[in-house]
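Asker: Model the following, please.
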Amino acid sequence: MQDEKFKVKFGKSTAERPKVLLPLSYGSSSLALFDMVVSHLEEQCQNERAVQGYVLVVLHVGEDAARMERLRKKYSQVLEKLEAEFVTVDPAVFVRDLARVTVTEEYAVRRTENSESLDLQELLLQFESRSSRQDFWQQVVQEVALRSAVAHDCSVVIFGHSMSRLAEEILALTAKGRGAETAHRLTDGEIEYAGRRLHVIHPLRDVLASEIKEYVRLGGLQEMVATEESVKHKSAKNKTVNELVREYFETVESEYPEVISTVVKIGTKLDSPQGMAQQCILCQEAIYRDPKTWLEQMSESANKEVQSDVPLCYGCLMNLGVGGGAVWPVSRPSREEILAEYILEE
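Answerer: Predicted structure coming up:
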């Protein structure tokens, strides 16, 4: 956050200040980042002639309005001096333009019109695997966060991922067949979404999860942290890919933190594949090589003569399963549709 565009302004028009979106999950990392950003803005406003360098927009994807109200009350004295917005978005806004997508026994993908009316919970429950449901839920949260950035005219999005979380995502994405997404999802830089350029930053990428927890303890933020369901008692087959990877890093972090930093350093060196790309009909991620072409070399069931109706990435293909299918949103809204359809509660 030391870029020139975030620094304190003196005598300049407030219209020049960027708007920064901070998605808040109420996990330790996002709360720690919120506390740091608020402290940064408070320091900027100490000079009477100063104007804070950027406007903060705090976003929560969910319905936990009570927790956000407690957070605002805790920081009320500081927030009175700052320009900040608090927004809660119902993830149900993700549900639009539904269609049924199926995978045949020959690994061909078919799209058919959908006559069912399903809510988000029903859409997620279509997938039997907890790992698949979590994978698609993460896609929902990511999409809603980016759409909210467009709706609120934000040019910057800051995520509270710690180094440990980034390492977890790198290995989990690879295991789930989404390795090609690593470069643009977990590294800092600009992305294009709904015709708008967004600068994505992970300010805590050099901080371990254990260090974040200690910061939260010292800052008295434990009461604000949302408790996560314990999965230690579950068998490995009932755990998601992310949960398995997280357990591994929690085990090695205390004695071998260099393992985590090495994974992140390698991940940041990755770049997006070259060449023309199609777009997955479910997750909207780029497909640089049709997974069916690769599967044809491994499976006798794959048929080269049978072509797919629509593109599907390998990760989504595995989530649906051969012979399986699901009803899911199959397109992203335009910027105009986002501004017209999103109901943002401040």
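Asker: which residues of the chain score low on pLDDT?
Answerer: Low-confidence segments of the chain (pLDDT under 70): 1-4, 8-15, 229-235, 299-304, 342-346.
Asker: nearest spatial neighbour of Tyr288, skipping sequence neighbours?
Answerer: Spatial nearest neighbour of Tyr288, chain neighbours left out: Pro273 (4.1 Å); criterion: C-beta to C-beta, 6 or more residues apart in numbering. For glycine as for every other residue, the C-beta is placed from the backbone atoms N, C-alpha and C.
Asker: So what's the residue count around that neighbour?
Answerer: By other C-beta atoms under 10 Å, the residues close to Pro273 number 13.
Asker: Unless I misread the structure, it falls within a helix.
Answerer: No. Under DSSP: H, G, I helix; E, B strand; the rest coil, Pro273 sits outside any helix and is assigned coil.
Asker: which residues does it contact?
Answerer: Pro273 is in contact with 180, 288-289, counting by C-beta atoms under 8 Å, 6 or more residues apart in numbering.
Asker: Ok, Asp97 next?
Answerer: Taking C-beta under 8 Å, 6+ apart as the test, what Asp97 contacts is 329-331.
Asker: most neighbours, which of these?
Answerer: Most crowded among those, counting by other C-beta under 10 Å, is Pro329 at 20 neighbours.
Asker: Can you verify my assumption that it contacts Val95?
Answerer: Yes. Pro329 lies in contact with Val95 (C-beta atoms under 8 Å); the separation is 6.2 Å.
Asker: what is in contact with these two at once?
Answerer: What both Pro329 and Val95 touch, as defined by C-beta under 8 Å, 6+ apart, is an empty set.
Asker: Now the longest helix seen in the chain: buried residues?
Answerer: The helix spanning the most residues in the chain, taking DSSP state H as the definition, is helix 130-151. Residues of helix 130-151 classed as buried: 130-136, 138-151 (neighbour count, 16 or more other C-beta atoms under 10 Å).
Asker: In terms of helix, strand or coil, where does Gly315 fall?
Answerer: helix.
Asker: Neighbours of Ala50, how many?
Answerer: Using other C-beta under 10 Å: Ala50 sits among 14 other residues.
Asker: quick one: the strands in this structure?
Answerer: Assigned by DSSP state E, the strands in the chain fall at 9-10, 19-23, 50-51, 55-61, 84-89, 98-103, 109-113, 156-158, 189-193, 196-201, 278-279, 286-287, 325-329.
Asker: Nearest to Thr174 among the ones you listed would be which one?
Answerer: strand 286-287 (16.1 Å; C-beta to C-beta).
Asker: helices or strands next to the closest one in the packing?
Answerer: strand 278-279 (3 or more C-beta pairs under 8 Å, 6 or more residues apart in numbering; DSSP states H and E).
Asker: If we use 10 Å, what do you get?
Answerer: Strand 286-287 sits against strand 278-279, helix 314-320, with contacts defined as 3 or more C-beta pairs under 10 Å, 6 or more residues apart in numbering; DSSP states H and E.
Asker: Tell me which residues touch the closest residue in space to Leu282 that isn't next to it in sequence, please.
Answerer: Spatial nearest neighbour of Leu282, chain neighbours left out: Cys316 (4.4 Å); criterion: C-beta to C-beta, 6+ apart. Contact partners of Cys316, counting by C-beta atoms under 10 Å, 6 or more residues apart in numbering, are 101, 103, 109, 132, 135-136, 139, 176-178, 280-283, 285, 287, 291, 326, 328.
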